[in-house]
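Visitor: What follows is a predicted structure for the sequence shown.
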Amino acid sequence: MNSIWYGNNLLRYLLLPLSVIFWLVSGFRRLLFVLRLRKIHRFPVPVIVVGNITVGGTGKTPLVVWLSKHLQSLGYRPGIVARGYGGKASHWPQQVRADSDPVMVGDEAVLLARLSGCPVCVAPKRADAVQELLKYTQCNIVLSDDGLQHYAMGRDMEIVVIDGQRGLGNGYLLPAGPLRELPGRLRRADLLISNGPWQEDVPVMNIEEPQLLPLLDLSTQPHPLSQAADETVHAVAGTGNPQRFFAMLERHGLKVIPHAFPDHHGYSRGELQFDDDLPVLMTEKDAVKYARFAGNKHWLVRIGVVPDDKFVTKLDELLQGLKHGQEVT
């Protein structure tokens, strides 16, 4: 669909009638919450949603990790909720630890638990995950990784992440375009941030120096990705936008043999064994799922982000204005 959503493929016009249907259905669903005909769950602590209005990866998860650490530095006790996409658990919600099985609870949830050090809970209905988190932990603020369109979950702040390279694509709703909601939805968000430059007035989150760690021993001291410059490597990405990962490796001087997989792909033994001795580099989300099959050629690339000062200043101002919790209606 990329050629339709982000190129000049005329097939998008054939899909416009379906986009109109999507707009009517999603708009009616949103109206039910606005008119309070469907319940919005309220919570005794603030809830911050980090989401997007496009399909595919925009870099929400690294931002949630940064936000969790920033909130801790300000004295908060954050918890994190997510959908647990791809998880095969027999019941929900599920508390997630750093050593939880990603097959059961989803790859991104395990990654969040490992990198944030915060309590994490997942459920298809995010309101259930928030309630579970508050029941069993001492968190006093909740971050939701995705869930911008999950209107049953009350929220106190919305942060929308935009892919600086792809932007909003052709500007059409699904399936003619990549949008879950019309661009005007951005005006209702409290904060916008782009993963790479997008529009001049939108703050940017910058990528820190990526680090390499061997999958067989993640306790070792990482070393900068730039040390692998000029090497030829297999690059593996099962994300919403694999090309972003491949391009990042190339910007750091690596010669990339790309292997793109569907988002949340479940790897099998031997799937990332290639007929040569070249290193195999993968995103940290992929590494969570492939670690049990790893050999000495497999490496993860750890990528952290740092928002620019304009974003941090506005965020801190909004945090000061947050209520202790939401009004129950």
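Guide: Arrived safely, thanks for sending. Residues are numbered from 1 along each chain as shown.

Visitor: Extract the C-alpha set from stretch 150-168 and format it as PDB.
Guide: Extracted as PDB, the C-alpha positions of stretch 150-168 are listed here (Å, rounded to 0.1, in the frame of the first residue of the first chain):
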ATOM      1  CA  HIS A 150      -9.300   4.300  22.100                       C
ATOM      2  CA  TYR A 151     -11.800   6.900  23.300                       C
ATOM      3  CA  ALA A 152     -13.200   4.600  26.000                       C
ATOM      4  CA  MET A 153     -10.000   5.400  28.000                       C
ATOM      5  CA  GLY A 154     -10.100   8.800  29.500                       C
ATOM      6  CA  ARG A 155      -7.000  10.900  29.100                       C
ATOM      7  CA  ASP A 156      -5.600  14.200  30.500                       C
ATOM      8  CA  MET A 157      -3.000  14.800  27.800                       C
ATOM      9  CA  GLU A 158      -2.500  13.700  24.200                       C
ATOM     10  CA  ILE A 159       0.900  13.600  22.400                       C
ATOM     11  CA  VAL A 160       0.800  12.800  18.700                       C
ATOM     12  CA  VAL A 161       4.000  11.500  17.000                       C
ATOM     13  CA  ILE A 162       4.400  12.100  13.300                       C
ATOM     14  CA  ASP A 163       6.900  10.400  10.900                       C
ATOM     15  CA  GLY A 164       9.000  13.300   9.700                       C
ATOM     16  CA  GLN A 165       9.900  11.500   6.500                       C
ATOM     17  CA  ARG A 166       6.500  10.200   5.400                       C
ATOM     18  CA  GLY A 167       4.400  12.900   7.100                       C
ATOM     19  CA  LEU A 168       0.700  12.300   6.600                       C
END
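
Visitor: Which residue comes closest to residue 206 once chain neighbours are left out?
Guide: Leaving out its chain neighbours, the residue that sits closest to residue 206 by C-beta to C-beta, 6 or more residues apart in numbering is residue 306, at 5.4 Å. All C-beta spots, glycine's among them, are computed from the backbone N, C-alpha and C.

Visitor: Are we agreed that the one you found is in a strand?
Guide: Yes: the secondary structure assignment for residue 306 places it in a strand, going by DSSP: H, G, I helix; E, B strand; the rest coil.

Visitor: Looks like it contacts residue 69 (just checking).
Guide: No: because the distance of 10.5 Å does not satisfy C-beta atoms under 8 Å, residue 306 is recorded as not touching residue 69.

Visitor: can you tell me how far the residue nearest to residue 206 sits from residue 117?
Guide: From residue 306 across to residue 117, the span is 18 Å (C-beta to C-beta, to the nearest Å).

Visitor: after the least confident helix or strand in the chain by mean pLDDT comes which helix or strand?
Guide: Using mean pLDDT, DSSP states H and E, the weakest-scoring helix or strand in the chain turns out to be helix 2-5, at a mean of 88. Following the chain from helix 2-5 toward its C-terminal end, the next helix or strand by DSSP states H and E is helix 11-34.
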